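>>> Just to be clear, the model below is a prediction. Sequence and coordinates:
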Amino acid sequence: MNSLSLVLVNLGRNKRRSILTLLSVAVALFLFCALGGILDTLQDAIRFGSESRLATRNAIGLVFPIPLSYRDRIATVPGIRRVCLQNWFGGRVPGNDRVYFPQFAVDPENFFPMYKNEIQIIEASPPQAQVSLPPDLDPRLAAFMSEQTACVIGDELAQKMGWKLGQTITLSGTIYPGMWPFTIRAIYHSMDQAFGGSGMLFQFKYLEQKGMGGSGMAGVYKLELEDSNRAAEVATQVDALFENSAYATHTETERAFAAGFVSMYGNLPFVLRVIGMAVVFAILLVAANTMVMAVRERTREVGVLKTLGFEDGTIFRMVLAEAGMITLGGGLLGALVAKFSIEASKFNAGGALPPLVVHWSTVGVGVAIALGIGAVSGFIPAWQASRLRIVEALRRVD
């Protein structure tokens, strides 16, 4: 009988304890990878955005608007191909405050051509009459363009809520009070995971007239550049236009703009890391206790093995391998279940985040941690077993 066979036999001696320890490690690594998935998703959100797009907002803060008149002035800056506006809406489904999804008012003539690589229209209502559209706008948006209360929703949102093309839905305004009816005239599919397929887009003129009272203000301008290498230069020129105005602007890359959203979560990444490490430390104590008990129960057997000629190093490696197999098995189980189950569920924290993803690098870190747990938890019992004298082992009475 070789050493591996002995390790497998030892693992099966107390099946209940081995299985419970393996499942404990699996649960711990599942939680670790799930928390890591939140960090992965936030990092993906930071990386979202084209290098050829900028975002212009109020220099004081994101919640402060900027005049609509800025759009034409920004468009005159050399190097800018297109300007579109976005305004956060923040509506809720009446009677179901737990349902949350992002909603933006946009000017569709510029927004959809600018985001043609991120959004693909997969379903659309036919127009009721002949509609003249800009040449670079998807013709399937004709019905959406002809109706002020029309909206476009993501396919994931449609599936989650059970909404259908042509259905009229009503949202309760929070930032802009009142009841807001919308008719679904198109459904899009997101070709970028960070963009997300659970959002809603509608025409800015509807928000301006009903919710803003024609105030002539907007939230954010997105700028499409002709040359991404000139991003810093163009941003400086745009901000210089309004440097001394009552509504000074701050222009940055779309990626930096997305990072600003992530920073609104505060110390969440730090908290998640602390929780993850606390879980790992707790399971380390469980695994260490298991190995100490297992080796203590087999003290006389260790003496017999040494009597039969097993060297100290072999005993050390056997005990360490036993700990490693339990923790590695649990780590693989927990990490892989976390990746596939979380991504399959498309969980998005009620719309507060894009659908969660767990990177393979996070899975790898989880498996490495499982191996580390096995090495640390098994080291002291393995060292004690290898240093045990035959006489002391054989004379011990259980």
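It's in. Residues are numbered from 1 along each chain as shown.
>>> Glu147: neighbour count?
Glu147 is flanked by 18 other residues according to other CB atoms under 10 Å. In this view, the C-beta of every residue, glycine as well, is placed from N, C-alpha and C.
>>> what's near enough to touch it?
Thr183, Arg185 (CB atoms under 8 Å, 6 or more residues apart in numbering).
>>> Please report how far it lies from Ala382.
From Glu147 over to Ala382 the distance is 72 Å, taken as CB to CB, to the nearest Å.
>>> the strands in the chain, which residues?
With DSSP state E as the criterion, the chain has strands at 53-58, 66-67, 80-88, 103-106, 119-124, 150-154, 168-173, 178-190, 200-203, 217-218, 220-225, 249-253.
>>> So for Gly374, which of these sits nearest?
Closest of the strands of the chain to Gly374 is strand 178-190, at 40.3 Å (criterion: CB to CB).
>>> Need the pLDDT of Glu147.
Listed pLDDT for Glu147 reads 91.
>>> can you list the weak-confidence ranges in the stretch 251-398 of the chain?
Filtered on pLDDT under 70, the stretch 251-398 of the chain yields the residue ranges 259-269, 292-306, 308-309, 312, 348-354, 387-398.
>>> Please, where are all the helices along it?
Using DSSP state H, counting those that start in this stretch, the helices of the stretch 251-398 of the chain run over residues 254-263, 268-297, 299-307, 312-345, 360-387, 390-395.
>>> Make CSV out of these and add mean neighbour count.
CSV is the format used below for the helices of the stretch 251-398 of the chain (neighbours: other CB atoms under 10 Å):
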stretch, mean neighbour count
helix 254-263, 17
helix 268-297, 17
helix 299-307, 17
helix 312-345, 20
helix 360-387, 19
helix 390-395, 13
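>>> Out of these, the one nearest Leu165 is which?
helix 312-345 (24.9 Å).
>>> Could you check how far the closest one is from the centre of its chain?
Put simply, helix 312-345 sits 25 Å off its chain's centre (CA atoms, centre = their mean, to the nearest Å).
>>> Report the angle between it and helix 268-297.
Helix 312-345 and helix 268-297 are oriented at 140 degrees to each other (axes from the mean of the first three to the mean of the last three CA atoms, to 10 degrees).
>>> Could you tell me the angle between helix 312-345 and helix 360-387?
Interaxial angle of helix 312-345 relative to helix 360-387 (the same axes, to 10 degrees): 160 degrees.
>>> Offset the numbering so it begins at 860, please.
Done: numbering now begins at 860, and the last item shifts to helix 1171-1204.
>>> Return the list of helices and strands in contact with helix 1171-1204.
helix 862-872, helix 874-906, helix 1127-1156, helix 1158-1166, helix 1219-1246 (3 or more CB pairs under 8 Å, 6 or more residues apart in numbering; DSSP states H and E).
>>> The ones you listed: which one's closest to Asp997?
helix 874-906 (25.6 Å).
>>> still on that earlier bit, turn the helices of the stretch 1110-1257 of the chain into a markdown table, columns for distance to Lys874.
Below are the helices of the stretch 1110-1257 of the chain laid out as a markdown table (distance: least, CB to CB, whole Å):
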| stretch | distance to Lys874 |
| --- | --- |
| helix 1113-1122 | 46 |
| helix 1127-1156 | 12 |
| helix 1158-1166 | 18 |
| helix 1171-1204 | 12 |
| helix 1219-1246 | 18 |
| helix 1249-1254 | 25 |
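>>> I figured Ala1229 hits Leu1192, correct?
No: assessed by CB atoms under 8 Å, Ala1229 is found out of contact with Leu1192, at 9.4 Å.
>>> okay, and the common contacts of those two?
Residues touching both Ala1229 and Leu1192 by CB under 8 Å, 6+ apart: Leu888.
>>> before we move on, the earlier item: between the strands of the chain, which gets nearest to Asn1148?
Here strand 1037-1049 is closest among these (CB to CB), at 47.0 Å.
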